[in-house]
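Trainee: need coordinates for the below:
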Amino acid sequence: MQIEKNKVAVIDYSVKTAEGQMIDTSEGTEPLAFLCGFHNIVPGLESALVGKSEGDQVEVVVNPDEAYGQYNQEMVKEVPLSAFQGVEKVEEGMQFQAESPNGPQLITVTKVENEMVTVDGNHPLAGIELHFDVTVKQVRDASEEEIAHGHVHGEGGHHH
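Mentor: As a prediction, this is how the structure comes out:
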């Protein structure tokens with residue numbers, strides 16, 4: 001059986017930067033299960049896995065446009081410290097969920113100076129070329145419920 005729309009694929013993976021820095025891996029944890037065709041993983045990886053079968057090993061380089069997008073300097077803003085009411089101490093590296101015109105958005109504090117805070121609304125992996133090493137562990141038909149919900153249920157997936 002091959003990976004295609006409405007199939008569940010279970011993969012072991014590691015992903016690194018072009019410089020070889022490990023970003024994430026399933027090693028030592030559960031493999032990742034995803035429902036193909038429902039944007040459960042970055043588009044560049046999903047398209048590289050379409051047509052692959054159990055046991056296949058794939059190395060794929062995904063450019064930012066097919067992953068988390070290009071880095072957008074316009075998403076870096078300075079806001080007053082008073083915007084963080086209820087937070088005892090705002091520090092570099094902290095992440096918050098903010099409301100944006102496109103819905104909830106994760107922002108990262110990159111600098112705190114005087115009474116101003118610099119926040120970055122880019123995804124932490126924006127602008128980064130991703131190098132995946134993947135082994136397909138299993139491919140199966142998705143259930144009607146999984147297709148209706150747009151994600152995998154049960155082992156390696158979502159639990160309701």
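
Trainee: from now on I want contacts and neighbour counts done on CA atoms only, so please keep to that.
Mentor: Fine.

Trainee: for the helix-or-strand element of the chain with minimal mean pLDDT, which positions count as buried?
Mentor: Taking mean pLDDT, DSSP states H and E as the measure, the helix or strand of the chain with the lowest value is strand 95-100, at a mean of 86. By neighbour count with 16 or more other Cα atoms under 10 Å, strand 95-100 contains the buried residues Q95.

Trainee: ok, V62 - contacts?
Mentor: Contact partners of V62, counting by Cα atoms under 8 Å, 6 or more residues apart in numbering, are 44-45, 129-132.

Trainee: just the residues contacting the least confident helix or strand of the chain, thanks.
Mentor: Contact partners of strand 95-100, identified using Cα under 8 Å, 6+ apart, comprise 104-109.

Trainee: report pLDDT for the closest residue to M116 other than its chain neighbours.
Mentor: Once flanking residues are discounted, M116 sits nearest to P80: 4.6 Å by Cα to Cα, 6 or more residues apart in numbering. Per-residue pLDDT puts P80 at 95.

Trainee: just list whatever residues bridge to E113.
Mentor: In this entry, E113 is beta-bridged to M116, by DSSP bridges.

Trainee: can you read off the pLDDT for it?
Mentor: Looking at E113, its pLDDT is 94.

Trainee: just the one 4 residues further on next, same as before
Mentor: Model confidence at V117, expressed as pLDDT, equals 96.
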